[in-house]
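Student: this is a predicted model, with the sequence first.
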Amino acid sequence: MFRKLLMIGAMALTGLSCSSGGGGQANIEAWVAPIEVRVYQGAFSRDPQNRTVEIQALAEEVASAQVVVRSDRDIRALAGSQSDLAGPGGVIPAAAAQVRYGGFIPVDETQTMTADPLLEDPAVDVPANLAQPVWLTIHVPADAAAGVYTGPLKVSSASGQAAEFTVRLEVLPAVLPPPHEWRFHLNIWQDPTPVAKAHEVKLWSEEHWRILERYAANFAAHGMKAVMTHITYDPWDGVRGWASDNMVEWKYPGEFRFGDAGRFEWDFTVFDRYVELMLAAGVDRSIDMYSLVMGPGGTLKADIRYLDTAAGAYRNIPLTVGDPLWREIWKAFLPELRRHLKEKGWFDKAILGFDEKPQAVMREIYEFISREAPDFRIASSGGYPGDQGKWANELVIHIDELLDPERYEQLQPLIKQMYEAENSYVTFYTACMPHYPNTFIFSGLRESRLLPWLAAKWGLDGYIRWAVNLYPEDPWHQPLFTWPSGDMFFVYPGKDGPLDSMRWELMRQGIQDYEALRMARNMAKAAGRDDLLEKLENAVRRGTIIDSCRWIPYIQESRALVNEVIRELAA
């Protein structure tokens, strides 16, 4: 299936022709484009002679660049290759570089074929007169000596046409910590259920688990910090277009009767394996568990599906938050959940999660948890954060509240209280709104990089979003489902695991910027350099411009200011 999808992504969706395009020699144009700009099929350059790819990066940073190729004839088997980069510390080997190709996806909102998935094919065909983005990604070795490294990047066709760029990579005199040590709290919700369907494997089969290992490695490499788990069946009540399978199997011998919750049994096998898989990959800061109530929004529905072990069939218990039956069942389960988490050594990471639940619902839940399970931590993604009886330990604020100066000022006491509490986080999120800034397939790539910079501007710990791999029926042909195109995924289902999107790479770049900014601030404070601290604040102001009558500057320009501070203080 993947081979078919990849052919669709690389050929049919771009309208590629398999013909040679007639006789004669193709005239290849090639130029450098900023990574913050989406290259559409009608792209052009006002500086087509620019063949120097400039990159600045810390050691251990993953840095990307983008070049564009176009011809007046069909290009058969366009391929890019990066050579070793030679510099003061020897060479950065070609093996540290990866060349990928933008695949074009149909986007309904703009009726435009849009480059987003980064195809890992050896080569791609390009139809005449259409632009093809080529992405270069370099993982700078942690032991790379500071200085400038250069080497050629070559793009060529099967018929021999070629263009060559000079890659000029400056390795800065500092080392970025590995992703699992990044302070930025990235929590992009994940779900194994649609992964099985997209990859055409049986749910929870060994093949499914092997694929999930590759997803976990990808998430960790991009800075993911939270494990998303489902302790009930379908916590989102089918709103995603499918039922999310539970990771904790609820069992009861027969038809459940009120007053008999003590006869429930719980099987944590899937829950444990998924959590262990993610922790081993480096996604290890929190374990989010959904949920005591279905979400999002104001619904009080909280049904429980369980396996009737006597009949060998599943049954459903209709529940409403706050009702005696709901209280009985959760009063039975939460102590067992606590016991299991403590036995595994995970209790301090575990968080009961709630999605955009309003005050009327959350007051009932907070009251119950405060009395029956006060030691459990809570994550509130939007909605009501709590009161003096119990606050969320992870508070997630919608971006609209932060963009409103009056509302942002009102939030300051709560944010201050959260930062004074131990082991708490304050992050922000975007959802299906606002349309700008956001991370849809039709969004500018600058927007994905912008979000971590906004966290830095507002003094927040990170960013949360639904979702990284909630695949609609066919993300290659129709990425739109209920919400805007790309709202439900940052990666695509590849042959044996996830394929990155351009949005996903720009998100990682923004997080690395956040970490570099934090390093630079610490260096400037240690050196007593108020002038450099102001320079960094200017970088943040410039990098977080959202609206302007003038052209909005690339965030790369702000990152260059951060690099100047690191370069000066490390000298």
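Tutor: Received, thanks.

Student: from here on, just use CA atoms for contacts and neighbour counts.
Tutor: Will do.

Student: next, work out how far apart residue 362 and residue 389 are.
Tutor: Distance of residue 362 to residue 389, given as CA to CA, to the nearest Å: 12 Å.

Student: so which of the two has more stuff around it?
Tutor: A count of neighbours by other CA atoms under 10 Å puts residue 362 above the other of residue 362 and residue 389, at 22 against 11.

Student: for residue 93, give me its contacts.
Tutor: Residue 93 is in contact with 83, 84, 85, counting by CA atoms under 8 Å, 6 or more residues apart in numbering.

Student: mind redoing it with 6 Å?
Tutor: If you count contacts by CA atoms under 6 Å, 6 or more residues apart in numbering, residue 93 has them with residue 84.

Student: element containing residue 335?
Tutor: Using DSSP states H and E, residue 335 falls within helix 324-344.

Student: what does residue 460 give?
Tutor: Under the criterion DSSP H and E, no helix or strand holds residue 460.

Student: quick check, residue 82 in contact with residue 151.
Tutor: No: the criterion here is CA atoms under 6 Å, and residue 82 misses it with residue 151 at 7.6 Å.

Student: who has more neighbours out of those two?
Tutor: Taking other CA under 10 Å, residue 82 and residue 151 do not tie; residue 82 has more neighbours (24 against 19).

Student: look up phi and psi at that one.
Tutor: Reported as degrees, to the nearest 10, the phi and psi values for residue 82 are phi -110, psi 130.

Student: next: the one 5 residues further on.
Tutor: The phi/psi pair for residue 87 (degrees, to the nearest 10) reads phi -160, psi -170.

Student: can you count the residues close to it?
Tutor: Look at residue 87: counted by other CA under 10 Å, it has 20 neighbours.

Student: quick one: residues contacting the closest residue to it other than its chain neighbours.
Tutor: Excluding its sequence neighbours, the residue lying closest to residue 87 (CA to CA, 6 or more residues apart in numbering) is residue 149, at 4.1 Å. Each residue near residue 149 by CA under 6 Å, 6+ apart is listed here: 85, 86, 87, 168, 169.

Student: just checking, residue 149 is part of a strand?
Tutor: Yes: Residue 149: assigned to a strand according to DSSP: H, G, I helix; E, B strand; the rest coil.

Student: ok, the nearest residue to residue 142 once chain neighbours are set aside to residue 207 distance?
Tutor: Sequence neighbours aside, residue 60 is the residue nearest to residue 142 in space, at 4.3 Å (criterion: CA to CA, 6+ apart). Going from residue 60 to residue 207 by CA to CA gives 32 Å.

Student: what do you get for residue 450?
Tutor: Residue 450 sits 37 Å away from residue 207, taking CA to CA as the criterion.

Student: try residue 285
Tutor: 27 Å.

Student: these two: who's more crowded?
Tutor: Ranked by neighbour count (other CA under 10 Å), residue 285 and residue 207 place residue 285 first, with 19 against 15.

Student: excluding covalently adjacent residues, which one is nearest to the more buried one?
Tutor: residue 225 (5.2 Å).

Student: tell me who's in contact with that neighbour.
Tutor: 185, 186, 187, 283, 284, 285.

Student: same thing but 7 Å
Tutor: Contact analysis of residue 225 by CA atoms under 7 Å, 6 or more residues apart in numbering lists 185, 186, 187, 283, 284, 285, 286.

Student: likewise residue 176?
Tutor: By CA under 7 Å, 6+ apart, the contact list for residue 176 reads 58, 59, 60, 61.

Student: got it, and residue 310?
Tutor: Listed by CA under 7 Å, 6+ apart, the contact partners of residue 310 are 253, 254.

Student: what backbone torsions are found at it?
Tutor: phi -80, psi -40.

Student: tell me the spacing between it and residue 388.
Tutor: To residue 388, residue 310 is 45 Å away according to CA to CA.

Student: kindly report the same for residue 514.
Tutor: 32 Å.

Student: now residue 177
Tutor: Taking CA to CA, one finds residue 177 at 37 Å from residue 388.

Student: look at the two and report which has more neighbours.
Tutor: Taking other CA under 10 Å, residue 177 and residue 388 do not tie; residue 177 has more neighbours (18 against 5).

Student: how about that one, nearest residue that isn't a chain neighbour?
Tutor: Residue nearest to residue 177 in three dimensions, not counting chain neighbours: residue 60, with 7.1 Å by CA to CA, 6+ apart.

Student: residues touching that neighbour, list them.
Tutor: The neighbourhood of residue 60, defined by CA under 7 Å, 6+ apart, consists of 139, 140, 141, 142, 175, 176, 178.

Student: and the fourth one, which helix or strand is it part of?
Tutor: The one in question is residue 142. In the assignment (DSSP H and E), residue 142 maps to no helix and no strand.

Student: got the contact list for it?
Tutor: Contacts of residue 142 (CA under 7 Å, 6+ apart): 59, 60, 175.

Student: inside helices: which ones of the contacts of residue 60?
Tutor: Among the contacts of residue 60, no member is found in helices (DSSP state H).

Student: from these, pick the one nearest residue 504.
Tutor: Of all the contacts of residue 60, the one with the least separation from residue 504 (CA to CA) is residue 139, at 15.5 Å.

Student: the closest one touches residue 59, doesn't it?
Tutor: No: with contact defined as CA atoms under 7 Å, residue 139 does not count as touching residue 59 (8.4 Å).

Student: those two: which has the busier surroundings?
Tutor: Counted by other CA under 10 Å, residue 139 and residue 59 do not tie: residue 59 has more neighbours, with 22 against 18.

Student: next one: the more buried one from residue 166, what distance?
Tutor: 20 Å.

Student: so what's the gap between the longest strand seen in the chain and the chain middle?
Tutor: When the chain is parsed with DSSP state E, its longest strand is strand 162-175. In terms of CA atoms, centre = their mean, to the nearest Å, the centre of strand 162-175 is found 26 Å from the chain centre.

Student: tell me which helix or strand comes right after that strand.
Tutor: Following strand 162-175 in sequence order, the next helix or strand is strand 185-188 (DSSP H and E).

Student: for that following strand, packing partners?
Tutor: If contacts are counted by 3 or more CA pairs under 7 Å, 6 or more residues apart in numbering; DSSP states H and E, strand 185-188 sits against strand 462-465.

Student: make it 10 Å
Tutor: helix 206-221, strand 226-230, strand 286-290, strand 425-429, strand 462-465, helix 502-526 (3 or more CA pairs under 10 Å, 6 or more residues apart in numbering; DSSP states H and E).

Student: would JSON lines of the ones you listed with mean pLDDT and distance to residue 394 be doable?
Tutor: JSON lines is the format used below for the helices and strands packed on strand 185-188 (pLDDT from 0 to 100; distance: least, CA to CA, whole Å):
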{"stretch": "helix 206-221", "mean pLDDT": "98", "distance to residue 394": "20"}
{"stretch": "strand 226-230", "mean pLDDT": "97", "distance to residue 394": "11"}
{"stretch": "strand 286-290", "mean pLDDT": "97", "distance to residue 394": "10"}
{"stretch": "strand 425-429", "mean pLDDT": "94", "distance to residue 394": "5"}
{"stretch": "strand 462-465", "mean pLDDT": "97", "distance to residue 394": "11"}
{"stretch": "helix 502-526", "mean pLDDT": "98", "distance to residue 394": "19"}
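
Student: can I get these in TSV including distance to residue 481?
Tutor: As requested, the helices and strands packed on strand 185-188 are exported to TSV (distance: least, CA to CA, whole Å):
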stretch	distance to residue 481
helix 206-221	22
strand 226-230	21
strand 286-290	22
strand 425-429	20
strand 462-465	16
helix 502-526	18
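
Student: what mean pLDDT does the helix or strand harbouring residue 448 get?
Tutor: Taking DSSP H and E as the definition, residue 448 sits inside helix 445-458. On average, the pLDDT along helix 445-458 is 97.

Student: taking their axis directions, it and helix 502-526 sit at what angle?
Tutor: In terms of direction (axes from the mean of the first three to the mean of the last three CA atoms, to 10 degrees), helix 445-458 departs from helix 502-526 by 30 degrees.

Student: just the CA coordinates of the longest strand of the chain, formatted as PDB?
Tutor: Extracted in PDB, the C-alpha atoms of strand 162-175 (Å, rounded to 0.1, in the frame of the first residue of the first chain):
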ATOM      1  CA  ALA A 162      22.800  18.800 -13.300                       C
ATOM      2  CA  ALA A 163      23.100  21.800 -11.000                       C
ATOM      3  CA  GLU A 164      25.500  22.200  -8.200                       C
ATOM      4  CA  PHE A 165      25.300  24.300  -5.000                       C
ATOM      5  CA  THR A 166      28.000  25.100  -2.400                       C
ATOM      6  CA  VAL A 167      26.800  24.300   1.100                       C
ATOM      7  CA  ARG A 168      28.500  26.500   3.700                       C
ATOM      8  CA  LEU A 169      27.800  25.300   7.200                       C
ATOM      9  CA  GLU A 170      29.100  27.300  10.100                       C
ATOM     10  CA  VAL A 171      29.300  25.200  13.300                       C
ATOM     11  CA  LEU A 172      28.900  27.500  16.200                       C
ATOM     12  CA  PRO A 173      31.100  27.200  19.300                       C
ATOM     13  CA  ALA A 174      28.600  25.500  21.500                       C
ATOM     14  CA  VAL A 175      26.800  22.100  21.700                       C
END
